[in-house]
Structure formats: structure tokens, C-alpha cells
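>>> fold the following, please.
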Amino acid sequence: MKRFIDKRQQARIAQLRLCPLPTPLIPIENGKILVFAPHPDDEVLGCGGTLALLRQNKCAIKVVYVTNSTGTDNLGADAPAVRRLEAKAALSVLGIDDLEFLDEPDGNFRNSTHFEKKIHSLLRQFDPDWLFLPSVLDYHRDHVSIGQAILSCWQRWGGAARAFIYEIWSPLPATLVVDIGSVIHLKKQAISKYALRLAHCDYLSASIGLASYRGLYLPKKERPNYAEAFVEAEKRVMWKGLLQAMLSLRFYLEGFLRG
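Below is the predicted model of the structure:
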């Protein structure tokens, strides 16, 4: 039986394409874009370049920050207020002025009926064409739980918005990439507005390095390539299998890294 299974697996592997690459995602025009960020800076790190392109395409963009930033108390008692100001400054670089803070616990987010009501209300009121949210494969616990909660609400919602999962701490099995080479300077400027966090960790170099790596998926050009990568969520049964696989891998990593 084992030999039969091994041969079957080898046959399936032999049928794989040599090197399948993520599909280019072209930003829409005049659309409505809703972005969920667990913490201030996640939106710029994960999809800042894409948001800049969408604003240039005259899209209306709303960014929702889920947690209250109290998890940064080690950066000073006034850190939550400072991070809100930094978020406004960063979004201003991208041309965005519509933002909202939900004030959920930072570092200890737990989904609840109350939170889901907030998300359903935002989906109904804004009625987005595109939705961006954090990855359930991410290393940060808030990102995992918030991503899962929002995906659950989106799957039950009757709207037609496409949902895109962005990456921060853990790279995704990308299915889509957006060419952000023309706005990489805006992404850099926006990240630089988060001075409080940058003083303790070089998010700027890390994020631009990831964008450079993702740029390998784009056609070669004269200028350096930069891209942001996403996985598009679907409401089909097939997607639920992928979602569960990503969550299972995240749980495996947790156990493995804890030893």
C-alpha cells in the first residue's frame, strides 16, 4: 500500500508545472476599499504600495485599526496616542484620510459577538469592492485571530467584495502580486512615519526587502522591481480547505517553535 501511495504521489508531482508564478493583480479604478489592520503600521507594511496605487486610481479607502496599541506600553505610557498620530501621518502620505479605531485589546484580542457586529456593520455601511486583511498564517497572534474573525464575517456577509490577505511576519503562499515599483517611494515614506516602532526594529529595511523579493515574480524591467503579495480568499468550499490548512500550519509552527 505504501509503495502504491508513493508512486501515486510521484505521478502527481511529475504533473506539476515547472515554476507557477502568482498572477499580477491590477488595481481597480473608482472603487471602494476597506482595510483592516490589527495595529498601526500593519496596513502600510502589508499593502501600503497597493493602497497608494488604488488612491491614484481614485478609489475611496477606509482603514480600520482593530486594537488600541496598549501592547506598546514598553515604548512609553503615551505610546497609544503617538501611534494614532503616526497612523494618520502615514496614511496621509498615501492620500488616505478615512480611518477608524475599534479599540480592541492589543496583544490579547479575542473574537466576540460584539466584535463581529462591528465588522458586519462596517461591511454593510461601506459596502467595499475590495477588502484587505491580515494573514491567519502570520506569527503575531493578533494577526491570526483578527484575520480569522474578519474572514468569518466576510464569508457570511452577502456582499460581493473580493478579499485579499496580506503578509507581514510570515510570507504567504502567494497567488497574486501587485507591481508597486512606481510608488515604492510612498511606501518608504509612509513606513518612516512610524518612528516609535522604527526606533526599536528596522521594519523599513525588512518590508522593502520583502517587496524586492516579491518583485522577482514580475517581468524584468529597467528599474528595480518591487511587489506586494496576496492570497485571494474565496467563499467556495475549496477555499475553506486552504484556510484550514493555513491555520493547521500555524498551529504546527507554534508547537514546533515552543519545542
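>>> so which bits of stretch 178-195 are buried?
178-181, 183-184, 186-194 (16 or more other C-beta atoms under 10 Å). Quick note: C-beta positions are derived from backbone N, CA and C, even for glycine.
>>> again but with stretch 18-32, I slipped
By neighbour count on 16+ other C-beta under 10 Å, the buried set for stretch 18-32 is Pro22, Leu25, Pro27, Ile28, Gly31, Lys32.
>>> filter those residues down to the ones in strands?
In this view, the buried residues of stretch 18-32 that belong to strands under DSSP state E are Lys32.
>>> report all helices and strands that the helix or strand Leu133 falls within contacts.
Here Leu133, judged by DSSP states H and E, is contained in strand 130-134. Contact here means 3 or more C-beta pairs under 8 Å, 6 or more residues apart in numbering; DSSP states H and E; on that basis strand 130-134 packs against strand 32-37, helix 42-56, helix 141-156, strand 162-166.
>>> make JSON lines out of the ones you listed and add distance to Leu18 and mean pLDDT.
Listed next are those as JSON lines, based on distance: least, C-beta to C-beta, whole Å; pLDDT from 0 to 100:
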{"stretch": "strand 32-37", "distance to Leu18": "35", "mean pLDDT": "98"}
{"stretch": "helix 42-56", "distance to Leu18": "28", "mean pLDDT": "98"}
{"stretch": "helix 141-156", "distance to Leu18": "32", "mean pLDDT": "94"}
{"stretch": "strand 162-166", "distance to Leu18": "26", "mean pLDDT": "97"}
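>>> what's the most buried one of those?
Among the helices and strands packed on strand 130-134, ranked by average contacts under mean count of other C-beta atoms under 10 Å, first place goes to helix 42-56 (a mean of 27).
>>> now that helix - C-alpha only, PDB.
Output of helix 42-56 as PDB, limited to C-alpha atoms (Å, rounded to 0.1, in the frame of the first residue of the first chain):
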ATOM      1  CA  ASP A  42       0.400  46.800   9.600                       C
ATOM      2  CA  GLU A  43      -1.600  48.400   6.700                       C
ATOM      3  CA  VAL A  44       1.500  50.100   5.300                       C
ATOM      4  CA  LEU A  45       3.800  47.100   5.800                       C
ATOM      5  CA  GLY A  46       1.300  44.700   4.300                       C
ATOM      6  CA  CYS A  47      -0.300  46.600   1.400                       C
ATOM      7  CA  GLY A  48       0.900  50.300   1.500                       C
ATOM      8  CA  GLY A  49       2.100  50.300  -2.100                       C
ATOM      9  CA  THR A  50      -1.200  48.800  -3.300                       C
ATOM     10  CA  LEU A  51      -3.200  51.300  -1.400                       C
ATOM     11  CA  ALA A  52      -1.200  54.200  -2.900                       C
ATOM     12  CA  LEU A  53      -1.900  52.800  -6.400                       C
ATOM     13  CA  LEU A  54      -5.600  52.500  -5.600                       C
ATOM     14  CA  ARG A  55      -5.800  56.100  -4.400                       C
ATOM     15  CA  GLN A  56      -4.100  57.200  -7.600                       C
END
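>>> show me which positions of the helix or strand following it end up buried.
Counting by DSSP H and E, the next helix or strand C-terminal to helix 42-56 is strand 60-67. Neighbour counts using 16+ other C-beta under 10 Å place Ala60, Ile61, Lys62, Val63, Val64, Tyr65, Val66, Thr67 of strand 60-67 among the buried residues.
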